[in-house]
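Q: no FASTA, just this:
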């Protein structure tokens, strides 16, 4: 089967095969692309990332976020995803799903932290038009203080 490979600083080359169809998708993984570009290029509309903010999670808990993928083309798309590599983000076992035009599927992503530190991973989605990834991240709370250069109290009496 003839395949093409693209190179770009934002993309890595990976090969995948769809089950039962013998379709070899030797293509690039699109990372850091906008929602509009993803919809135009792959026919899938979904959020840009899943982020657990620092004040919303603690080690030992389980936290759920949902990622909704919608087919924005006029034909049926077949989509499959890969599990995150980090063992702290959990998902159901990936199966190939057919999305009719306008239909959506919801993917549940669970985060089960064991340490209080930042985590970065990604979910790769494989479809007929190529592969794209959605980052999943857990962030720590940040303390920020901002001060003005000078403070004016106006005219006041001093001791």
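A: Received the coordinates, thanks. Just so it is clear, the structure is predicted and the values come from calculations on it, not from any experiment. Numbering: from 1, shown residues only.

Q: which outside residues touch stretch 93-102?
A: Contact partners of stretch 93-102, identified using Cβ atoms under 8 Å, 6 or more residues apart in numbering, comprise 18-19, 44, 69-83, 105. Placement of C-beta: from N, CA and C, glycine included.

Q: flag every buried residue along the helix or strand where residue 108 lies.
A: Assigned by DSSP states H and E, residue 108 falls within strand 104-111. By 16 or more other Cβ atoms under 10 Å, the buried positions in strand 104-111 come out as 105, 107, 109, 111.

Q: measure the second one to residue 78 for me?
A: Distance of residue 107 to residue 78, given as Cβ to Cβ, to the nearest Å: 15 Å.

Q: which ones are touching the residue nearest to the spatial centre of the chain?
A: In the chain, the C-alpha nearest the mean C-alpha coordinate belongs to residue 134, at 2.2 Å (Cα atoms, centre = their mean). Contact analysis of residue 134 by Cβ under 8 Å, 6+ apart lists 46, 47, 48, 49, 50, 67, 122, 123, 125.

Q: give me that answer again for 6 Å
A: Residues in contact with residue 134 (Cβ atoms under 6 Å, 6 or more residues apart in numbering) are residue 123.

Q: Provide the backbone phi and psi angles at it.
A: The phi and psi values for residue 134, taken as degrees, to the nearest 10, are phi -120, psi 120.

Q: bridging residues for it?
A: residue 123 (DSSP bridges).

Q: then residue 51?
A: residue 137.

Q: distance of it from residue 67?
A: Taken as Cβ to Cβ, the span from residue 51 to residue 67 is 12 Å.

Q: returning to that earlier point: among the contacts of stretch 93-102, which lie within strands?
A: 44, 69, 70, 71, 77, 78, 79, 80, 81, 105 (DSSP state E).

Q: still on that earlier bit, list only buried entries from the contacts of stretch 93-102.
A: Using 16+ other Cβ under 10 Å, the buried members of those are 18, 44, 69, 71-73, 77, 79-83, 105.

Q: closest to residue 32 out of those?
A: When these are compared for distance to residue 32 (Cβ to Cβ), residue 44 wins out at 15.9 Å.

Q: which one is that closest one nearest to, not counting chain neighbours?
A: residue 69 (5.4 Å; Cβ to Cβ, 6 or more residues apart in numbering).

Q: contacts only, for that neighbour.
A: 44, 46, 105.

Q: one more pass at 8 Å, please.
A: By Cβ under 8 Å, 6+ apart, the contact set of residue 69 is 44, 45, 46, 79, 99, 104, 105, 106, 107, 125.
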